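**Q** Provided below are the primary sequence and the corresponding predicted coordinates.
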Amino acid sequence: MHPFDIKTVVFAKHAQHVVLIHFPIALFIIGVLFDFLAQWKKQRLLAAAAYYNMLVAAIATIPVVVTGILAWQWELEGQKLKGILLMHLVMGCLSSLLICTVWFIHMRTRRKQEEILPGYRLPIEAVAVVIVALTGHLGGFLSGVNGPG
Amino acid sequence: MSRSVSVVILAAVLTIGFVGTIEGRRGFALSAQEKMSTMEVKIDNFSFGPVTLTVPVGTMVTWTNRDDIPHTVVSTDDSKTFKSKVLDTDEKFSFTFSKAGTYPYFCSIHPKMTGKVIVQ
């Protein structure tokens, strides 16, 4: 196997999910951090940075969800999930939904050219960060990041 | 009359006793053979133990997941000779090897986890 061999990349099956997942997690958490800072410091630049982070995070959830479901279908032949795998699937879908919801709130405000973002987005963002972190923790546990696997 | 009945009863008792003894011996022999032909592979700490297992033809190998993480046991050949469902903690999967050969396998959730069964 060569790391830059196209076949290795394409046929890596669920290994792609493990790689791609880092993009929405990092972009969304940083986006939320920027948004909280923008709220605190009242800086438009930070709010813009938050928006673009969340936009790319929302886009990045698409291949992540697709590769995750493909991993389930290919590697486990779509068998009925239970335990940690089921929890990871449910929380992964919820995380993606929350990331897209948060981006949508920001996008709608920008489209309406409103100056102030709705205050209710902040608790949603906070909950979303917790759910994303828990999903990532379960994913790390499954992939054996904390062990020799 | 009573003598012939006694002979028939005696013959029946002897036959039942004889058959019972043979069946008992066969049962003992079978259970001993079954014990001989069952091997176990433990899944723990993201590895199969033993990694390579050598067994005679007809052996049933049982994999037991002693890990906190779900694992699978899937043969790497194209025809997927054996493939388990997802095994949660303490769940087992068994397969009987009826043909000689080398059977490499892996965990489809953690492809780094590999093992091999050599059937002689």
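**A** Right, received. Where do you want to start? Worth saying up front: this structure is predicted, and the values here are computed from it rather than measured. Numbering: from 1, shown residues only, chains lettered A, B, ... in the order given.
**Q** let me know whether B:Val117 touches B:Pro56 as I believe.
**A** No: B:Val117 is beyond contact range of B:Pro56, at 11.4 Å (criterion: Cβ atoms under 8 Å). Where you see a C-beta, it was placed from the backbone N, CA and C, and this is true even at glycine.
**Q** so which bits of stretch A:66-78 are buried?
**A** Neighbour-count burial for stretch A:66-78, counted by 16 or more other Cβ atoms under 10 Å in any protein chain shown, picks out A:Thr67, A:Gly68, A:Ala71, A:Trp72, A:Glu75, A:Leu76.
**Q** my bad, should have said stretch A:100-107
**A** Under 16+ other Cβ under 10 Å, the buried positions of stretch A:100-107 are A:Cys100, A:Val102, A:Trp103, A:Ile105, A:His106.
**Q** narrow those residues to those in helices?
**A** The helices, defined by DSSP state H, take in A:Cys100, A:Val102, A:Trp103, A:Ile105, A:His106 from those.
**Q** and the pLDDT at B:Thr64?
**A** B:Thr64 carries a pLDDT value of 97.
**Q** now, among the ones in helices among the buried residues of stretch A:100-107, which is nearest to chain B?
**A** The nearest member of these to chain B, counting by Cβ to the nearest Cβ, is A:Cys100 at 27.2 Å.
**Q** within range of chain A, give me the residues from chain B.
**A** Listed as neighbours of chain A in chain B under the rule Cβ under 8 Å from any Cβ of the partner chain: B:45-47, B:69-70, B:72, B:85-86, B:88, B:108-113.
**Q** for chain B, what spans make up the helices?
**A** For chain B, applying DSSP H gives helices covering B:2-36.
**Q** okay, which residue is most central for it?
**A** B:Met60 (2.9 Å; Cα atoms, centre = their mean).
**Q** for it, give its distance to chain A.
**A** 23 Å (Cβ to the nearest Cβ, to the nearest Å).
**Q** low-confidence bits of chain A, can you list those?
**A** For chain A, applying pLDDT under 70 flags the ranges A:1-14, A:146-149.
**Q** for the residue most central in space within it, phi and psi?
**A** Residue closest to the average C-alpha location in chain A (Cα atoms, centre = their mean): A:Pro24, at 3.7 Å. Main-chain torsions, A:Pro24, degrees, to the nearest 10: phi -60, psi -30.
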